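A.B. asks: Give me a 3D structure for the following:
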Amino acid sequence: MRSHEGWALSYAGAMLGRGDAAADAVQDAFVRAYRSLDSLEPGRPFRPWFRAILRNRCLDELRSARSRREVSRDVRRGDGRPGGGARGQRGSRQPDGPERVERQELGRIVRSALEELAPEKRTVLVLREMEEMSYGEIADQLELSTGTVSSRLHHARRELRDVLEERGFTVEDVTT
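C.D. replies: Residues are numbered from 1 along each chain as shown. Below is the predicted model:
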């Protein structure tokens, strides 16, 4: 569990946006995985199998939140523009002090903007950009054609850009 917790929390956070909901989804997904371990085929890798459980749990939460109308669109919109930003790469050093606070704020802004996307678009975007999965891997994971994955990614990126621009940001503000 410990070896998968970090990426699982990042994935659920990108899908759900809210820290508590993400942590709850991860915990519930681990419980579901534990109860279903006998369905994991011998020799099959754990991570893709668990990611599917977690993805489904996140989608369940999104559907549930939407039906409860838990969060209004106006509350989800955030304003305020940090001055510039730095995007780290995997394996790079952890930022210190103000740089870390700025990165955390940028992360919050992007997660908030991701909440504006439809779940199917958000899912392919998170799998591609955060999990660094190929189009083929995403297609296999979601049981879609690669053309559908490509189309959803295109629309998701465009919609994410539009949401960020509505909030006064450019894509370069959150990626550079």
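A.B. asks: Report the mean per-residue pLDDT for stretch 143-154.
C.D. replies: For stretch 143-154, mean pLDDT rounds to 93.
A.B. asks: Just the buried positions in it, please.
C.D. replies: Residues of stretch 143-154 classed as buried: 144, 148-150, 152-153 (neighbour count, 16 or more other CB atoms under 10 Å). The way it works is simple: take the backbone N, C-alpha and C, and place the C-beta from them, glycine included.
A.B. asks: Alpha carbons of it, as PDB, please.
C.D. replies: In PDB, the C-alpha atoms belonging to stretch 143-154 read as follows (Å, rounded to 0.1, in the frame of the first residue of the first chain):
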ATOM      1  CA  GLU A 143     -11.700   0.200 -23.200                       C
ATOM      2  CA  LEU A 144     -11.800   2.900 -25.800                       C
ATOM      3  CA  SER A 145     -10.300   3.300 -29.300                       C
ATOM      4  CA  THR A 146      -7.100   5.300 -29.600                       C
ATOM      5  CA  GLY A 147      -9.000   7.700 -31.800                       C
ATOM      6  CA  THR A 148     -11.500   8.400 -29.000                       C
ATOM      7  CA  VAL A 149      -8.600   8.900 -26.600                       C
ATOM      8  CA  SER A 150      -7.000  11.300 -29.000                       C
ATOM      9  CA  SER A 151     -10.200  13.200 -29.400                       C
ATOM     10  CA  ARG A 152     -11.000  13.400 -25.700                       C
ATOM     11  CA  LEU A 153      -7.500  14.600 -25.000                       C
ATOM     12  CA  HIS A 154      -7.700  17.300 -27.600                       C
END
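A.B. asks: ok, residues contacting it?
C.D. replies: 120-121, 124-125, 128, 135-136, 138-139, 142 (CB atoms under 8 Å, 6 or more residues apart in numbering).
A.B. asks: what's Arg152 sitting at in phi/psi?
C.D. replies: For Arg152, the backbone dihedrals (degrees, to the nearest 10) come out as phi -60, psi -40.
A.B. asks: so how far is Ala118 from it?
C.D. replies: Applying CB to CB, to the nearest Å, the value for Arg152 to Ala118 is 9 Å.
A.B. asks: next one: Ala8
C.D. replies: Ala8 sits 22 Å away from Ala118, going by CB to CB.
A.B. asks: Pick out whichever of the two has more residues nearby.
C.D. replies: Using other CB atoms under 10 Å, the more surrounded residue of Ala8 and Ala118 is Ala8, with 23 against 12.
A.B. asks: Show me how the chain divides into domains.
C.D. replies: Following automatic domain parsing, the chain resolves into domains at 1-70, 96-176.
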